[in-house]
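> below is the structure, and that's it, no one-letter string:
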């Protein structure tokens, strides 16, 4: 596979991904899955208006981590509460080829 002027993609793993935090807990991250789940409506009107509207958003995702002890971070209590928390990580190793993912208001559900 060739990437022309595009940098070769990096695998999501130790050394390529860092600065992980979930509900202010910096544990051992296995994977992150995220979808924006936008509802899009295309609209074209006589007179030249062509647009795509975002009519709804339902972002969702899954974070898989190594479970800490309850004394370290009690995710069960967090899941029962109504407060939100953060999810952030940095992926990439060289300047100009890094991205920071930040979701500052995540809900915590289904801890298992």
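Noted; the coordinates are in hand. Everything quoted here is computed from the prediction, not taken from an experiment. Numbers count the residues shown, from 1 in each chain.
> how about the closest residue to residue 93 other than its chain neighbours, what does it touch?
Ranked by CB to CB, 6 or more residues apart in numbering and with sequence neighbours excluded, the top spatial neighbour of residue 93 is residue 16, at 6.0 Å. Placement of C-beta: from N, CA and C, glycine included. Neighbouring residues of residue 16 by CB atoms under 8 Å, 6 or more residues apart in numbering: 10, 91, 92, 93.
> the third one and residue 11, how far apart?
Residue 92 sits at a distance of 11 Å from residue 11 (criterion: CB to CB, to the nearest Å).
> with neighbour numbers in mind, choose between the two.
More neighbours surround residue 92 than the other of residue 92 and residue 11, with 16 against 9 (other CB atoms under 10 Å).
> picking up where we left off before, just the buried residues from the contacts of residue 16, in ChimeraX please.
In ChimeraX, this line selects whichever of those come out buried by 16 or more other CB atoms under 10 Å:
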select :91,92
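> restricted to strands, list the contacts of residue 16.
Using DSSP state E, the members of the contacts of residue 16 that fall within strands are residue 91.
> determine which two of the contacts of residue 16 are furthest apart.
Using CB to CB, the two most remote members of the contacts of residue 16 are 91 and 93, lying 8.9 Å apart.
> need the residues touching each of the two.
Jointly contacting residue 91 and residue 93 under the rule CB under 8 Å, 6+ apart are 10, 16.
> can you give me the buried ones in the helix or strand of the chain with the lowest mean pLDDT?
The helix or strand of the chain with the lowest confidence, counting by mean pLDDT, DSSP states H and E, is helix 75-80 at a mean of 86. Within helix 75-80, the residues scored as buried using 16+ other CB under 10 Å are 75, 78.
> kind regards, and thank you for your time.
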